[in-house]
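3D model of this:
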Amino acid sequence: MTPEQAAAASKPVVLELGDLFTRCPTTLRRARLLGISGWAFYVTGRAGALGDVRAETVAAALGFLAPDAVADGWDAARRVVPPVEVAAATLAECCRWGEERLDPLPGVSRLAALLGRAIDAADASGMPLFAAWRAMPVPVRTAGARAAVGLRLLREHFAGAHLIAVRASGMTPLEAVLAGPDGEAGAVACGWLPPYPPVGPLVRRRLWAEAVTDRLASPAFAALGPADGAQLVELLIATRTHLTEQG
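Numbering: from 1, shown residues only. Below is the predicted model of the structure:
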């Protein structure tokens, strides 16, 4: 398995699993404890690792979320709690979820180790969110916690790579969302308001951007080598299967 093949095979699983903890009811309760909305917690939890920056900077780093929606969540949270504290709370919830859901699974120690090697080798150029998250200390060191954080970081790496690829393709972030599998429903979920541009001419560019995303992410997988890259893919798929069976 080549590094690009490993990246392509890992990407959909990582994008799914790396965000799964944010939908956990216990994680959502943390937002209420902080006195902010779920949306503010999501936006600031992702971007708070950047520090107390302006909403425009956050929107540029997140890319695929509508700037007005980002500003609504970011500014609302900043009035209540420092962004870095929200990021730390998000990281703690990620670790808790990993301990609860991933620690009991077979192969979790190996999964955590492979994810850690990939993340250490990843190139963070042009990916400020990934770089900021990678620099944050992990408060819990169980295998499940490390795997959960690894999934989160690798998700941000893929997201950063895809944003670069989308802009290189000539598409705007909104156009990329519309050309994706969720179409206009995805645009609404990301805070973009209609009217929307036509999607037809964008599909070919979207496919090109997906291939470039895999190429940009491939150095992380090259560090693993063919055998370990293939094993990481197998462990990711097995983890998703186990979590799906758990419900």
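
which residue packs closest to Val203, ignoring adjacent ones?
Excluding the flanking residues, the one nearest Val203 by C-beta to C-beta, 6 or more residues apart in numbering is Ala179, at 5.5 Å. To be clear about C-beta, it is placed using only N, CA and C from the backbone, and glycine gets the same treatment.

How many neighbouring residues does the one you found have?
Residues contacting Ala179 under the criterion other C-beta atoms under 10 Å number 23.

same question, Pro194
Neighbours around Pro194, by other C-beta under 10 Å: 7.

pretty sure Lys220 is touching Ala7, no?
I think there's a mix-up here, since residue 220 is Ala and not Lys. Yes - the criterion here is C-beta atoms under 8 Å, and Ala220 meets it with Ala7 at 7.4 Å.

What segments of this protein are helices?
3-17, 25-34, 38-47, 55-62, 67-78, 83-97, 108-121, 128-135, 143-169, 173-179, 183-189, 203-222, 225-246 (DSSP state H).

Report pLDDT for Gly247.
pLDDT recorded at Gly247 is 67.

can you tell me how far Cys94 sits from Arg204?
Distance of Cys94 to Arg204, computed by C-beta to C-beta, to the nearest Å: 36 Å.

more neighbours, these two?
Taking other C-beta under 10 Å, Cys94 and Arg204 do not tie; Cys94 has more neighbours (28 against 11).

Quick one: residues contacting the more buried one.
By C-beta atoms under 8 Å, 6 or more residues apart in numbering, Cys94 lies in contact with 21, 145, 148-149, 152.

can we see that at 10 Å?
18-22, 24, 27, 45, 138-140, 145, 148-153 (C-beta atoms under 10 Å, 6 or more residues apart in numbering).

Show the buried residues in those residues.
The neighbour-count test (16 or more other C-beta atoms under 10 Å) marks 18-22, 24, 27, 45, 138, 140, 145, 148-153 as buried among the contacts of Cys94.

quick one on the thing from earlier: mind putting the helices of the chain in a markdown table, distance to Tyr196 included?
Converted to a markdown table, the helices of the chain look like this (distance: least, C-beta to C-beta, whole Å):
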| stretch | distance to Tyr196 |
| --- | --- |
| helix 3-17 | 22 |
| helix 25-34 | 29 |
| helix 38-47 | 21 |
| helix 55-62 | 18 |
| helix 67-78 | 15 |
| helix 83-97 | 30 |
| helix 108-121 | 35 |
| helix 128-135 | 26 |
| helix 143-169 | 16 |
| helix 173-179 | 6 |
| helix 183-189 | 6 |
| helix 203-222 | 14 |
| helix 225-246 | 31 |
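
Out of those helices, the one nearest Pro197 is which?
helix 173-179 (6.2 Å; C-beta to C-beta).

Distance of Ala55 relative to Pro67?
8 Å.

Ala161 too?
Going from Ala161 to Pro67 by C-beta to C-beta gives 21 Å.

okay, the two: which has more neighbours?
Ala161 (26 against 16).

Run through the residues that contact the more buried one.
Taking C-beta under 10 Å, 6+ apart, one finds 7, 11, 122-123, 126-127, 130, 209, 212-218, 220 in contact with Ala161.

Just the pLDDT for it.
pLDDT at Ala161 comes out at 98.

Done for today, thanks.
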